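Colleague: based on what follows, work out the 3D shape:
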Amino acid sequence: MGMFIRVDVDNSIVAKTPGLAEKLVEVCPVKIFALGKKAGAVAVVEENVDECTLCDLCMQACPQGIRVIKLYE
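Modeller: As a prediction, the model looks like this:
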């Protein structure tokens with residue numbers, strides 16, 4: 001788990017949109033997402049989580065299925 005942020009994924013929402021899992025993997029500039037074991041799902045690559053730039057691209061692609069939570073402030 002990251003020290004600075006946590007990334008939560010609701011794969012039940014991601015799976016509802018064909019191709020969304022692949023899009024999430026593609027849009028993340030620091031490779032936080034990888035395709036999950038189930039079709040239409042993503043997995044969080046924990047060792048990349050603290051590299052997040054808070055660019056918001058994943059949340060724009062899937063507003064209800066992805067949450068980036070700051071663990072500071």
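
Colleague: wait, residue 3 sits on residue 71?
Modeller: Yes: counting by C-beta atoms under 8 Å, residue 71 is a contact partner of residue 3 at 6.9 Å. Yep, even glycine has a C-beta here, placed from its N, CA and C like the rest.

Colleague: pLDDT wise, what is the most centrally placed residue in the chain at?
Modeller: For the chain, the residue nearest the mean C-alpha position is residue 33 (5.2 Å; C-alpha atoms, centre = their mean). Looking at residue 33, its pLDDT stands at 98.

Colleague: next one: residue 73
Modeller: As predicted, residue 73 sits at a pLDDT of 71.

Colleague: one more: residue 15?
Modeller: At residue 15, pLDDT is 96.

Colleague: also residue 1?
Modeller: pLDDT for residue 1: 64.

Colleague: how long is stretch 61-73 end to end?
Modeller: End-to-end distance of stretch 61-73: 26 Å, with C-alpha to C-alpha, to the nearest Å as the criterion.

Colleague: could you report the neighbour count for residue 65?
Modeller: 22 (other C-beta atoms under 10 Å).

Colleague: do residue 56 as well
Modeller: Neighbours around residue 56, by other C-beta under 10 Å: 11.

Colleague: having no further points to raise, I will conclude here.
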